[in-house]
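Q: here are the coordinates; sequence isn't available:
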Ligand code: MIG
């Protein structure tokens, strides 16, 4: 039997249960056995349910897989999930496993015992969201703080963890949705959506890594970024013209600071018209890029979804002719204010429109760029009154932060900053904006990615995006939008990136140095020290703020920055191998402690430290004037990365952290592949027991998809290092070993 259909008496509706594999169960509720929601924006691969074993007694249906047993009460529809040993992992709260109120669909689950809830995508505030309420509605909030919910991305997924067992829930519904994780009542949590169907997946661990593996089995995993995209990247809103861009590049060379990418923010365009170049500022755009490429710099320009309403502009004209822009219910094209003024928005739900947008990338690809930076795709618009005020004050009066949106607009008003509620999407206007809003950015990123694969099939691109939804990892890296050059925001990034990683998105980072406001030297040093552990490592800052390149803060700070950026490059073989793991299993690179130490009840308490892969424990400094901190070391032996001093965990130790030191500890048994001399790979061995999977390929092409790569297992036992090729499809590397 592939699926079981059950009648839910208290709702007079139906439930369809199926298993995607032995650990993932899908619960899909529907009126009249319609299962209208038989498509998914997040899960794109075809799902073939496995065979289920079922039994029936007078009062319940029982289905089971090799890992799980699910019982459903015939009288009230209540669901309970057990593991093989008959431990109840999850149960509906009372009979509220399914409730419909008008269009809204709800699901209530019991909270029993100690449990932490993590993930939920891009979230500020504490790592553990127990006791919190979370909203899923993609929002451009340039003023976000630790207590502000819903930002640019929506990932209606969470991981429930305790030292015994972890499971995940993915609520596959794109409408505005909510999670209340024991805030209303500590005995239950619930999630609901404004519309659509209750369609969710239970994902069994029992470890947190296995939950993430299961979740990304559904929603997909990242591709391997080109190696250069893992280097240091420099951005600014905006490097104003060709000369400035070239000067920045030259300066990196002069200062001996490695940098792989320079970004072009909105001012490179002709009047903010996407896919155009301002010829006055960039008279020799192609030549500039060619020269930069020769010097080892890649160029990545920004693209917004808003297309300027301008009858003399090709992209607009074409889109109008072909009927590619979003309309309102009344058939009029929706017009919103963004940087170019009045703008219209591609109807990205349509494959044809995505293809068109994809082909537009070719215009830039042919000019030599190496990737695309997708911004404003929540989609974000600025209410026209606000827009004028903002332009006036912020741009021309050189405000360091944009003026706040009037507070009456900030109160859970979901539409003033995006397309209006009467916008419809799709071929025949079959989708409301409510359903598409949260996936608009995902669809735009998908269009860029696919467009890129067609336009330049020989190279992997760097696609980055601000907005996204579950599954965004397949197409794009994610940066966390407009942060501030403050200590609070440096700290926030540590938490946000842990939760975003748990949500299946490995290629992530926050603007290093902070976006709004002026960065002070001490903060900059600390941020670079932390930033080398962001999978996506980019320094970016806003218009009208102090320059933020590494040499802007005096020699001492520059030395620190140089040293750390170089360390990032030294660790590249390790980092690249972690990306392979992310591609294969969805495992994040910047990892919460519970991922590596799932059985340690204390691991959840130390959210201000994280693992960088399986080997490094990083404990950043996030307060001004601090030069020491407490570090929790989980069980095992640890080496201080800087002086190899050893420590035994579990323990809390005090470590010194003068301005040029970020505390880093390496787990005993680690084998760290590092860039060595003459293209050799140096294996730094930290005595103990352990293993590491090393991955290498050409770092640039898609040839790895054809098996042209090496996968090598290093294992360390009784201080003996063993090197074993698991897959050999690429030229052999010379390893040199150094034991500390
Ligand atoms: O309304 O392109 O988050 O990184 O520099 C601001 C200008 C639009 C927001 C992005 C930011 C970028 C800025 N953009």
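A: Perfect, I can see it now. Computed from a prediction, not measured in an experiment: that's the story for all the values here. Residues are numbered from 1 along each chain as shown.
Q: so what's the residue in the chain positioned nearest to the ligand up against?
A: Nearest to the ligand, among the residues of the chain, is residue 237, at 3.5 Å (C-beta to the nearest ligand atom). Bear in mind the C-beta positions are built from the backbone N, C-alpha and C, glycine included. Taking C-beta atoms under 8 Å, 6 or more residues apart in numbering, we find residue 237 in contact with 265, 266, 267, 540, 541, 542, 543.
Q: if you skip the residues just before and after it, what's nearest to the fifth one?
A: Spelled out, that is residue 541. Nearest non-adjacent residue to residue 541, counting by C-beta to C-beta, 6 or more residues apart in numbering: residue 548, 4.1 Å away.
Q: Quick check: the one you found touching residue 511?
A: No: the pair residue 548 / residue 511 is not scored as a contact, 9.1 Å apart, by C-beta atoms under 8 Å.
Q: So for these two, which sits in the more crowded spot?
A: residue 511 (27 against 24; other C-beta atoms under 10 Å).
Q: Tell me how many other residues crowd the closest residue to the more buried one other than its chain neighbours.
A: In space, and not counting its chain neighbours, residue 511 is closest to residue 540: 4.1 Å by C-beta to C-beta, 6+ apart. Applying other C-beta under 10 Å, we find 23 residues neighbouring residue 540.
Q: where's residue 540 relative to residue 363, distance?
A: 24 Å (C-beta to C-beta, to the nearest Å).
Q: Residues of the stretch 101-250 of the chain that sit close to the ligand?
A: residue 237 (C-beta under 6 Å from any ligand atom).
Q: So which elements touch the helix or strand encompassing residue 723?
A: Using DSSP states H and E, residue 723 falls within strand 720-728. For strand 720-728, the elements it packs on are strand 710-717, judged by 3 or more C-beta pairs under 8 Å, 6 or more residues apart in numbering; DSSP states H and E.
Q: Mind listing the strands the strand it packs on pairs with, and their directions?
A: Note on strand 710-717: by DSSP bridges, its sheet partners are strand 690-696 (antiparallel), strand 720-728 (antiparallel).
Q: Adding mean neighbour count, write these out as CSV.
A: Listed next are the strands paired with strand 710-717 as CSV, based on neighbours: other C-beta atoms under 10 Å:
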stretch, mean neighbour count
strand 690-696, 20
strand 720-728, 11
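Q: could you dump those strands to TSV with mean pLDDT and distance to the ligand?
A: Output for these, formatted as TSV (pLDDT from 0 to 100; distance: least, C-beta to the nearest ligand atom, whole Å):
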stretch	mean pLDDT	distance to the ligand
strand 690-696	98	31
strand 720-728	97	39
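Q: could those strands go into JSON lines alongside distance to residue 330?
A: Below are the strands paired with strand 710-717 laid out as JSON lines (distance: least, C-beta to C-beta, whole Å):
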{"stretch": "strand 690-696", "distance to residue 330": "54"}
{"stretch": "strand 720-728", "distance to residue 330": "58"}
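Q: Could you point out which of the ones you listed sits nearest residue 600?
A: The minimum distance between residue 600 and these falls on strand 690-696, with 17.3 Å, by C-beta to C-beta.
Q: Domains in the protein, by residue range?
A: Listed domain ranges for the chain are 3-219, 668-740 (source: automatic domain parsing).
Q: Show me how far the last one is from its chain's centre.
A: If I follow you right, that is domain 668-740. The gap between where domain 668-740 is centred and where its chain is centred comes out at 27 Å by C-alpha atoms, centre = their mean, to the nearest Å.
Q: distance between the ends of it?
A: Taking C-alpha to C-alpha, to the nearest Å, domain 668-740 runs 11 Å from one end to the other.
Q: For the stretch 451-600 of the chain, give me the ranges with low pLDDT.
A: In the predicted model of the stretch 451-600 of the chain, no residue satisfies pLDDT under 70.
Q: same question, the stretch 1-150 of the chain
A: Of all residues in the stretch 1-150 of the chain, none has pLDDT under 70.
Q: before we move on, the earlier item: got the contact list for the residue nearest to residue 541?
A: Going by C-beta under 8 Å, 6+ apart, residue 548 touches 236, 485, 513, 519, 524, 539, 540, 541.
Q: Out of those residues, name the ones that lie in strands.
A: Counting by DSSP state E, the contacts of residue 548 place residue 539 in strands.
Q: which of the contacts of residue 548 count as buried?
A: Neighbour counting with 16 or more other C-beta atoms under 10 Å marks 236, 485, 513, 519, 524, 539, 540, 541 as buried within the contacts of residue 548.
Q: count of neighbours near the residue lying closest to the residue of the chain closest to the ligand once chain neighbours are set aside?
A: Using C-beta to C-beta, 6+ apart and skipping residues adjacent in sequence, the residue nearest residue 237 is residue 265, 4.2 Å away. For residue 265, the count of nearby residues is 19 (other C-beta under 10 Å).
Q: Can you check the pLDDT for residue 265?
A: Per-residue pLDDT puts residue 265 at 98.
Q: Report the separation between it and residue 401.
A: On the measure of C-beta to C-beta, residue 265 and residue 401 end up 17 Å apart.
Q: likewise residue 601?
A: Per C-beta to C-beta, residue 601 is found 41 Å from residue 401.
Q: Run through the residues that contact the residue nearest the centre of the chain.
A: Centroid check for the chain by C-alpha atoms, centre = their mean gives residue 505 as the closest residue, at 3.9 Å. For residue 505, the contacting residues are 121, 155, 222, 468, 472, 473, 478, 588, by C-beta under 8 Å, 6+ apart.
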